[in-house]
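[1] Here is my input; please provide its structure:
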Amino acid sequence: MTHSFAVHVPDAELAPEPLDPGQIVSGTPEVTGKVLWESADSRQVRGIWQITPGVVTDTEADELFVVVSGSATVEVEGGPTLEVGPGDMAVLRAGDRTTWTVHETLRKAYAITL
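    Numbers count the residues shown, from 1 in each chain. Got it, this is the predicted structure:
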């Protein structure tokens, strides 16, 4: 999209984004998402992301997100443990190594800087 836009995040249609099996700690979590906007240099990305229950690891980019539905515990290695649910905003920093324990299918709107 090149123009201003609005999206109803709770029921936006998302596409499968398979996880690297090496990221899965437990359960059978599935990820879906949709990129809504990307800068010309691909360094800024805005979108919607969803994950079903389970435990996964990740190495983060600079990200601000707002949880629309669901809940998770995000443990930042050497940092805080974040409990996030509907209406919560969180910031993750590039290089943060995280473990996500998803309690209830979590959907978030995000803004990432690469």
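
[2] What are the buried residues along stretch 74-88?
    Across stretch 74-88, burial judged by 16 or more other Cβ atoms under 10 Å covers 74, 75, 82, 84. The C-beta positions use only the backbone N, C-alpha and C, and glycine is treated the same way.

[3] Name the helix or strand for the residue most central in space within the chain, please.
    Centroid-nearest residue in the chain: residue 49, 5.0 Å away (criterion: Cα atoms, centre = their mean). In this assignment (DSSP states H and E), residue 49 forms part of strand 44-51.

[4] circling back: and the furthest pair within the buried residues of stretch 74-88?
    For these, with distances taken as Cβ to Cβ, the pair at the greatest spread is 75 and 84 (11.6 Å).

[5] Could I get the full set of strands for this structure?
    Counting by DSSP state E, residue ranges of the strands within the chain are 15-16, 24-26, 31-38, 44-51, 54-59, 62-76, 81-84, 89-92, 97-113.

[6] What are the contacting residues of the second one?
    Put plainly, it is strand 24-26. Contact with strand 24-26 is made by 54, 55, 56, 57, 99, as judged by Cβ atoms under 8 Å, 6 or more residues apart in numbering.

[7] Just send the buried residues of stretch 74-88 back as TSV, with distance to residue 19 too.
    Rendered in TSV, the data for those read as follows (distance: Cβ to Cβ, whole Å):
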residue	distance to residue 19
74	16
75	17
82	20
84	19
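
[8] quick one: low-confidence ranges for this protein?
    Across the chain, the ranges flagged by pLDDT under 70 are 1-2.

[9] Pull out the buried positions in stretch 42-58.
    Of the residues in stretch 42-58, those buried under the neighbour-count criterion (16+ other Cβ under 10 Å) are 45, 46, 47, 48, 49, 50, 51, 53, 54, 55, 56, 57.
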